[in-house]
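Student: sequence and predicted structure, then a few things I'm wondering about:
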Amino acid sequence: MVDILLTSTGLFFLYRTLQRLGTWSIAAGILIAMVVYLLARLLDLKGVEWILGNFSHVAVIALIVIFQPELRKIFEQAASLYRSKPVDLGEEFVGILVDSLWDLADKRRGAIVILPGKEPIQEWLSGGYTLDAKPSMPLIMSIFDPNSPGHDGALLVEKDKLSRFGVRLPSSQSTRLPEEYGTRHRAGMGLAERSDALVIVVSEERGRVSVFMNGKMQPMRDRDMLFASISSHLQDTAIFRLNPPEGKTQWQTVAQIAASVLLSVFLWSSLVISQGEMREKVITVPVEFTASPSHLVLVGDKDKTIRLHLSGSKSDLDTVNPADLSVKIDLSKAVAGPQTFVITAENMRLPRNVRLLDVVPSSVELALAEIVVQAIGIKPQLLGNLPGPLKLLSVEVIPAKVKVLSPAADKNDEPLNVITTPIYLEGITKDTSIFCKIIAPPSLQPVGKRWPDVEVVIKVGD
């Protein structure tokens, strides 16, 4: 219930924001694509699921870029649901503002007045002159006098004072306003599309007062209507109003909330069904050997892999990463000689609710041998030929043997040897002494901490 409630709230705010900013048509297309993708997963339509699934990786980045203003607006709305103290400008303040704007309309003087809402708007404002004055009708009339330096800009009202005048606003990029409306109306619509501020515009050409709110324009019939619009805005933005408005708007809000809840339930149910569907998966993992006795060593092929046939829900199987999984065989109780180790679910750590159906191969054949200390010979690794007529007279390795830890050899095994790093004869023209490293197979280990360096003495002659 909490999951669905939070999702529904997010969808509702997303819808209202996109509707206000005029980008709902794009969001509707994305929503249809999401529904098609969920249906494809439910019906196991691999082709459609593959196309939409691979496209979604690029689409997520594109959506963040395209809807950056909308996403920011949603977070701003969520962060400004409540205000610590309601702003009450009083009837006298609103009356002064209404009378001033209506007189400006009668005199055919243009004006723009901004009443901020809960969302910050400073990033959308630029320029202007600091005023910070108490409101009065003569002051407002003088600000929008054609001879005033800031009469073409907007007047910003903050708290109970006239904060700034001559402020520039962003112009609307939408096509909601007819072409006959000028710069003031487009500036008012531009700020109303980007914030929850109330913008009042007085038309110089028409002598009319219009209010812009939530990306919509509403002409004012008389002073009382303008007074009611300002008072309602101040009341609504002072504290988040949970009760929906009355009349037709109330039913529209109820319908939007119901649609958000239904869509959230559909998305949640589809996700649960698709993620809960039982599936099977085959992965290949390596075999690791642990707790080997100190007197025994593995001989033969050690690089072994196991194929695991797993079963579980899609969400559980998605958590299985072959790179993080391995089959572990405990050699703590192993003895010398060939042995068989059966592979079961106890040899691995599978995620919860993931079941092991089959293992191929079902067992691993291993051979362990006793570790003995023996001295083995060191063979020089000579590559190439001596230059010119030179001949190789003798090659001596000092020391000739090295002590190693190795598996006990059978009677039929060939004698063990280690070799030096390569020695290239082409560059040797006289008797030479070269110090080399030892190269040994993994089954051999030095008695000391590391392999010693050896000296190879080469004598040549004609």
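Tutor: Good, I have the coordinates. Numbers count the residues shown, from 1 in each chain.

Student: contacts and neighbour counts: CA atoms only from here.
Tutor: OK.

Student: residue ranges of the helices in the stretch 201-350 of the chain, please?
Tutor: For the stretch 201-350 of the chain, the helices defined by DSSP state H, counting those that start in this stretch occupy 223-238, 248-276, 314-318.

Student: quick one: mean pLDDT over the shortest one.
Tutor: In this model, helix 314-318 has a mean pLDDT of 79.

Student: same check on the second one?
Tutor: Across helix 248-276, pLDDT averages out at 75.

Student: out of the helices of the stretch 201-350 of the chain, flag the one nearest Gly110.
Tutor: Ranking these by proximity to Gly110 (CA to CA) places helix 223-238 first, at 16.3 Å.

Student: I'd like the distance from that closest one to the chain centre, please.
Tutor: Relative to its chain's centre, helix 223-238 lies at 42 Å (CA atoms, centre = their mean, to the nearest Å).

Student: and it, what does it pack against?
Tutor: In terms of contacts (3 or more CA pairs under 8 Å, 6 or more residues apart in numbering; DSSP states H and E), helix 223-238 is packed against helix 90-106.

Student: list the contacts of the helix it packs on.
Tutor: Helix 90-106 has contacts (CA atoms under 8 Å, 6 or more residues apart in numbering) with 110-111, 135-137, 140-141, 160, 202-204, 207-209, 223, 226-227, 230-231.

Student: buried among those residues? Need that as a selection in PyMOL.
Tutor: Under the burial definition 16 or more other CA atoms under 10 Å, those of the contacts of helix 90-106 that qualify are selected in PyMOL by:
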select buried, resi 110+111+135+137+140+141+202+203+204+207+208+209+226+227+230+231
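
Student: for stretch 207-227, what is the average pLDDT?
Tutor: Per-region confidence: stretch 207-227 scores 89 on mean pLDDT.

Student: list the contacts of the nearest residue to Gln445 once chain neighbours are set aside.
Tutor: With CA to CA, 6 or more residues apart in numbering as the criterion, Gln445 has its nearest non-adjacent residue at 5.1 Å, and that residue is Leu405. Counting by CA under 8 Å, 6+ apart, Leu405 touches 371-374, 444-447.

Student: quick check: phi and psi at Leu405.
Tutor: phi -100, psi 120 (degrees, to the nearest 10).

Student: ok, which stretches of the stretch 51-200 of the chain are helices?
Tutor: 68-79, 90-106, 137-143, 183-194.

Student: dump the ones you listed into JSON lines; add mean pLDDT and distance to Asp431 as well.
Tutor: Below are those laid out as JSON lines (pLDDT from 0 to 100; distance: least, CA to CA, whole Å):
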{"stretch": "helix 68-79", "mean pLDDT": "60", "distance to Asp431": "77"}
{"stretch": "helix 90-106", "mean pLDDT": "87", "distance to Asp431": "108"}
{"stretch": "helix 137-143", "mean pLDDT": "90", "distance to Asp431": "104"}
{"stretch": "helix 183-194", "mean pLDDT": "88", "distance to Asp431": "88"}
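
Student: for the contacts of Leu405, which one is nearest Gly117?
Tutor: Gly117 has its nearest neighbour among those in Gln445, at 77.3 Å by CA to CA.

Student: circling back: can you redo the helices of the stretch 201-350 of the chain as CSV with distance to Thr421?
Tutor: Converted to CSV, those look like this (distance: least, CA to CA, whole Å):
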stretch, distance to Thr421
helix 223-238, 82
helix 248-276, 57
helix 314-318, 47
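
Student: for Leu38, which of these is the nearest?
Tutor: Using CA to CA, those put helix 248-276 closest to Leu38, at 6.6 Å.

Student: tell me which of the helices of the stretch 201-350 of the chain lies nearest to Leu125.
Tutor: Proximity to Leu125 (CA to CA) singles out helix 223-238 among the helices of the stretch 201-350 of the chain, at 19.4 Å.

Student: that closest one to helix 90-106, inter-axis angle?
Tutor: Interaxial angle of helix 223-238 relative to helix 90-106 (axes from the mean of the first three to the mean of the last three CA atoms, to 10 degrees): 130 degrees.
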